[in-house]
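1. okay, sequence plus prediction incoming.
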Amino acid sequence: MDAPSLDDLDDDAWIEAGQTVSSPDELREYIAHLRTVAHHMHTGLTRAAWGALQGQAWGERPLEQQPLQEDILEAFSMTVTPSGMAAKDAVYRQSIGTLLTALETVDQATLTAWLAQINAADPDRKA
């Protein structure tokens, strides 16, 4: 019996699927799935964190009032802690900002791996 597709596995089982990868094609599929998961986690956490910070859910704001990614990351960067903010709140914000940055890094790294695969298959392909 063939192994199920990574898309058909639940959240815990697909992690274990990494132990069965034995070909470049399976690795590409695994990386593509990893990118999807990281991208969704990043998007969801960004919106949840911004909503919590603003006291208003992401979907309650008109599209044109939603912030840029850079603005959100800046709001969670505690390089300079606002006066009057408790240290525990600053550390929590910084940890959320670090997590958002890490998820963005995973998303970008897996995208780069995917683009490298496309380029390797056809180096002269037009973008």
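-> Now that the structure is in, tell me what you want to look at. Quantities reported herein were computed from a predicted structural model and do not represent experimental measurements.

2. all helices for the chain, in order.
-> 13-17, 24-54, 69-76, 87-121 (DSSP state H).

3. now the longest one: mean pLDDT?
-> This points to helix 87-121. Mean pLDDT, helix 87-121: 91.

4. buried sites along it?
-> 93, 96-97, 100, 103-104, 106-107, 110 (16 or more other Cβ atoms under 10 Å). All C-beta spots, glycine's among them, are computed from the backbone N, C-alpha and C.

5. next, the angle helix 69-76 makes with that helix.
-> 150 degrees (axes from the mean of the first three to the mean of the last three Cα atoms, to 10 degrees).

6. could you dump the helices of the chain to TSV with distance to residue 62?
-> TSV is the format used below for those (distance: least, Cβ to Cβ, whole Å):
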stretch	distance to residue 62
helix 13-17	36
helix 24-54	13
helix 69-76	16
helix 87-121	23
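
7. tell me which of these sits nearest to residue 60.
-> Among the helices of the chain, helix 24-54 comes nearest to residue 60, with 8.0 Å by Cβ to Cβ.

8. who does the closest one touch, helix- and strand-wise?
-> helix 13-17, helix 69-76, helix 87-121 (3 or more Cβ pairs under 8 Å, 6 or more residues apart in numbering; DSSP states H and E).

9. nearest to residue 39, of these?
-> Closest among the helices and strands packed on helix 24-54, using Cβ to Cβ: helix 87-121, at 4.9 Å.

10. what is that closest one packed up against?
-> helix 24-54, helix 69-76.

11. distance to residue 46 added to the helices and strands packed on helix 24-54, as TSV?
-> As requested, the helices and strands packed on helix 24-54 are exported to TSV (distance: least, Cβ to Cβ, whole Å):
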stretch	distance to residue 46
helix 13-17	23
helix 69-76	6
helix 87-121	6
